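Visitor: The following comprises the amino acid sequence and a computationally predicted model.
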Amino acid sequence: MQVQKEEVGIKMRVQPSVNMDGDITVKVEPEVSSIFEFIGPDKNIPRVKRRSSSTVIRVKDSETIVIGGLISRDRKNTEYKFPLLHKIPFIGEKLFTSKDILEKKMDLIIQITPSVVRDNVAGITKTEAMFELEKSIIDPAEEIDSESNGEGENDEK
């Protein structure tokens with residue numbers, strides 16, 4: 001017999017990034033999982049139901065993001081039997097047994113308020129060198145053109 005660990009519950013991956021203009025781009029991937037039934041000969045193997053979503057959102061600093069739609073509908077058939085009395089022929093099944101259908105609907109709503117940390121103690125601020133590096137990564141073709149023009153002039157002299 002092999003035992004495997006399965007984590008269930010609410011998991012959320014959040015990947016924020018600060019844009020040049022100060023806006024924040026956030027990739028949010030929520031996942032909700034739960035055990036919805038047990039299977040196997042001894043009814044001891046759990047089956048897990050997963051719901052997940054993925055979205056990328058761009059917001060201003062300190063604006064709130066609201067994500068909804070991870071709707072769950074659960075339906076369970078239950079049967080309650082009074083011990084021993086439910087076995088009485090003819091009347092036991094009618095008088096000492098009840099059957100119910102339990103339906104439950106849930107919607108997970110997530111609120112995230114990202115904000116940029118601006119002080120030097122708690123976070124990192126961009127230096128001029130970081131802005132130059134970022135600019136060279138964003139527009140490398142422009143930088144290559146200017147370098148090749150400069151080298152060509154030196155060779156001709």
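Guide: Received, thanks.
Visitor: Could you break the chain into its assigned domains?
Guide: 9-125, 126-157 (automatic domain parsing).
Visitor: weakest of the ones you listed by average pLDDT?
Guide: Ranked by mean pLDDT, those end with domain 126-157 in last place, scoring a mean of 60.
Visitor: out of the domains of the chain, which comes closest to Gln2?
Guide: Nearest of these to Gln2, taken as CB to CB: domain 9-125 at 11.0 Å. C-beta: built from backbone N, CA, C; applies to glycine.
Visitor: Please tell me how far the closest one is from the chain's geometric centre.
Guide: 10 Å (CA atoms, centre = their mean, to the nearest Å).
Visitor: And whatever helix or strand Glu132 lives in, what's buried?
Guide: Using DSSP states H and E, Glu132 sits within helix 128-138. Buried residues in helix 128-138, counting neighbours by 16 or more other CB atoms under 10 Å, are absent.
Visitor: Any idea what the nearest residue to Gly9 once chain neighbours are set aside is bridged to?
Guide: Distances taken as CB to CB, 6 or more residues apart in numbering place Ser33 nearest to Gly9, at 6.7 Å, with adjacent residues excluded. Counting by DSSP bridges, Ser33 is bridged to Gly9, Arg50.
Visitor: Now for Asn44: which residues touch it?
Guide: Phe38 (CB atoms under 8 Å, 6 or more residues apart in numbering).
Visitor: my guess is Gln15 meets Thr55, correct?
Guide: No - with contact defined as CB atoms under 8 Å, Gln15 does not reach Thr55; the gap is 11.3 Å.
Visitor: Find residues that contact each of the two.
Guide: Counting by CB under 8 Å, 6+ apart, the contacts common to Gln15 and Thr55 are Lys27.
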